[in-house]
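In: Give me a model of this one.
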Amino acid sequence: MGYCAERNISLVFLTMNGRFLARVVGESRGNVILRKRQYHLSEEESSSAKIARNFIVGKVYNHKWILERMTREYPLRIDVERFKEVSQQLSGILLDVRKCEDLERLRGLEGQAATSYYKVFDQMILQQKEDFYFHTRSRRPALDNVNAMLSFAYTMLANDVASALETVGLDAYVGFLHRDRPGRASLALDVMEELRGVYADRFVLSLINKRVVNGEDFLRKESGAIIMKEDARKRFLKAWQERKQEKITHPYLGEKISWGLVPYAQALLLARYLRNDLDEYPPFLWK
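Out: Numbering: from 1, shown residues only. Next comes the predicted model:
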């Protein structure tokens, strides 16, 4: 642990079902001026709403992109009309989000978008339908195989984002969209909203549809919670690290970077906005 701390490499400890336990980081390198600016804006409703709005714009836009891509690539395997209907719903919500200046209303719109998106999530599972299905989002505990994988992926993503935020000097625990709560990395949850679909959801779907995992990889505990077996978690983590090495062109920066650097790129853009180097925070809008 000391070796990692000296090199600013964070260590994350998770339970068997992916619940976060602890994170060990090295010396804080936070820029005090940047953090004071972050704390100040987080206390201002209007400023928080302006930043939160772009987090949600990114999330809804990317969910819409995922559905539209599915209609192009798998028109014979999904209910195209249903996907188009949900995509139109997301378009309407996206327009409302762009005009909204009220933080509580923004949270409500984000919830509406998530509900619409999850209505067709099960159809994006193209293989192993007997073992992998999605009815609704369940967490703490996850009640089916898909939710167990989603929770694990979201935990991994949240910690990647938290590490990126700390690296650029921001406080991962003071957010703009998610309310402050002891022990919750609210800013990490804020930033990961725009990445949930294109980063985590598509990753989980690919593991299922490519048969990297199967129904035998999961256990049901007496409480009803579903967890991945140890070997499955190892395959999951190996595939996660491989995905992070894949190259993409960042839609805002226009530069080729690995998927694993996307959280860092967004953290850096947020820091630049807070320093007034940018007029607004540019969300990750996947193309």
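In: Output the longest helix belonging to this protein.
Out: For the chain, the longest helix by residue count, based on DSSP state H, is helix 45-73.
In: And it, what does it pack against?
Out: Helix 45-73 sits against helix 32-42, helix 80-99, helix 103-118, helix 186-192, with contacts defined as 3 or more C-beta pairs under 8 Å, 6 or more residues apart in numbering; DSSP states H and E. Using the backbone N, CA and C atoms, a C-beta is placed for each residue, glycine as well.
In: Now do the second one: which elements does it pack against?
Out: Spelled out, that is helix 80-99. helix 45-73, helix 103-118.
In: so residue 121 touches residue 132, yeah?
Out: No. Residue 121 lies out of contact with residue 132 (C-beta atoms under 8 Å); the separation is 11.0 Å.
In: if you compare the helices and strands packed on helix 80-99, which one is most tucked away?
Out: Mean neighbours per residue, mean count of other C-beta atoms under 10 Å, is largest over these for helix 45-73, with a mean of 20.
In: just to revisit the earlier point, of all the helices and strands packed on helix 80-99, which one is nearest residue 281?
Out: helix 45-73 (4.8 Å; C-beta to C-beta).
In: can you pull the contacts of the residue positioned nearest the centre of the chain?
Out: Geometric centre of the chain, nearest residue: residue 196, 2.8 Å, by C-alpha atoms, centre = their mean. Contact analysis of residue 196 by C-beta atoms under 8 Å, 6 or more residues apart in numbering lists 59, 62, 154, 157.
In: next one: residue 240
Out: Counting by C-beta under 8 Å, 6+ apart, residue 240 has contacts 153, 156, 203.
In: Please report the distance of the residue nearest to residue 267 when sequence neighbours are not counted from residue 35.
Out: Closest residue to residue 267 apart from its sequence neighbours, by C-beta to C-beta, 6 or more residues apart in numbering: residue 164 at 4.1 Å. To residue 35, residue 164 is 15 Å away according to C-beta to C-beta, to the nearest Å.
In: who has more neighbours, those two?
Out: residue 164 (25 against 16; other C-beta atoms under 10 Å).
In: So the more buried one lies in a strand, does it not?
Out: No. The assignment for residue 164, made by DSSP: H, G, I helix; E, B strand; the rest coil, is helix rather than a strand.
In: my read: it touches residue 269, true?
Out: No. Look at residue 164 against residue 269 with C-beta under 8 Å: they stay out of range, at 10.8 Å.
In: Let me know the pLDDT of residue 222.
Out: According to the prediction, residue 222 has pLDDT 83.
In: Tally up the residues packed near it, please.
Out: Residue 222 has 5 neighbours, counted by other C-beta under 10 Å.
In: how close does residue 230 sit to residue 172?
Out: According to C-beta to C-beta, residue 230 stands 29 Å off from residue 172.
In: quick one: which of these two has more around it?
Out: For residue 230 versus residue 172, neighbours defined as other C-beta under 10 Å are more numerous around residue 172 (25 against 11).
In: so is that one in a helix, a strand, or just coil?
Out: Classification of residue 172 using three-state DSSP returns coil.
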